[in-house]
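Asks: I'll drop the sequence and a predicted model, then ask my questions.
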Amino acid sequence: MKYILLFFISLNLTVSAQNIDIDILKSINLNRNKKLDNTFIALSNSVVPVSIAVPLGVIGAGCIKHDSIIKNKGIVIGASLAIAAGITTGLKYSVKRERPFISYPTIDKVMNAGSPSFPSGHTSDAFATATSLSLAFPQWYVIAPSFVWACSVGYSRMDLGVHYPSDVLAGAAIGTGTSYLCYKANKWLYERHFRK
């Protein structure tokens, strides 16, 4: 009897969470300022070039300055992105959640999106980039614009009707968490290497 009760409670919580998810998405997507659609499309489309340019730029700066520490920071940023992308892709094809505009035809799809919905790959990449860059260079003028950009990318995915809020939150958590773990692992390896 106890397990049946727990089953129904968890089922109720799941349905409530899904209702909140779609209600928030409808509020953002259907009440959006359509004049900003091109801006949000540009933000979404900026993720791949920025996520490639950041680690390559940091590695390049390290090579120009002959600074192995800066080069290493670029490698850690690149590794964070690669691991976050791998986790995100694995989850997308394991969970196979339909895009919101497929499940709810009232959602206004503003740009194309093909892969499954959960989690948001754009958001994951944006937060991996912002977090790893902020950990590598912890100055306010790096941290503030990095996270403003990453949050804007996450919001754009909902505004454009291609992701649920829970997709965006999961993507942000994966990107942030992966970057933090890569940073800590690199720090541990670096300290271990110099202790010998």
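Replies: In hand now; what should we look at? Small disclaimer: the values here were computed from a predicted structure and weren't measured.

Asks: rest of the way, CA atoms for contacts and neighbours
Replies: Will do.

Asks: now the element after the helix or strand bottoming out on mean pLDDT in the chain, going C-ward?
Replies: Of the helices and strands making up the chain, the lowest-confidence element is helix 2-30, at a mean of 67, by mean pLDDT, DSSP states H and E. Following helix 2-30 in sequence order, the next helix or strand is helix 37-45 (DSSP states H and E).

Asks: so which elements touch the following helix or strand past that following helix?
Replies: Later in the chain than helix 37-45, the nearest helix or strand by DSSP H and E is helix 47-65. Judged by 3 or more Cα pairs under 8 Å, 6 or more residues apart in numbering; DSSP states H and E, helix 47-65 is in contact with helix 68-95, helix 121-136.

Asks: how distant is the first one from the center of its chain?
Replies: Which is helix 68-95. Here helix 68-95 is found 11 Å from its chain centre; the criterion is Cα atoms, centre = their mean, to the nearest Å.

Asks: got the contact list for the following helix or strand past that helix?
Replies: Counting by DSSP H and E, the next helix or strand C-terminal to helix 68-95 is helix 100-103. Contacting residues not belonging to helix 100-103 are listed as 22, 107-109, 117, 161-164 [Cα atoms under 8 Å, 6 or more residues apart in numbering].

Asks: related to what we said a few turns ago, between the helices and strands packed on helix 47-65, which gets nearest to Ala185?
Replies: helix 68-95 (9.5 Å; Cα to Cα).

Asks: buried residues in the closest one?
Replies: 70-85, 87-89, 91-92 (16 or more other Cα atoms under 10 Å).

Asks: now that helix and helix 121-136, what's the angle there?
Replies: 150 degrees (axes from the mean of the first three to the mean of the last three Cα atoms, to 10 degrees).

Asks: list the contacts of the residue most central in space within the chain.
Replies: In the chain, the centroid-proximal residue (Cα atoms, centre = their mean) is Ser124; its distance is 1.8 Å. By Cα under 8 Å, 6+ apart, the residues touching Ser124 are 84-85, 88, 168, 170-176.
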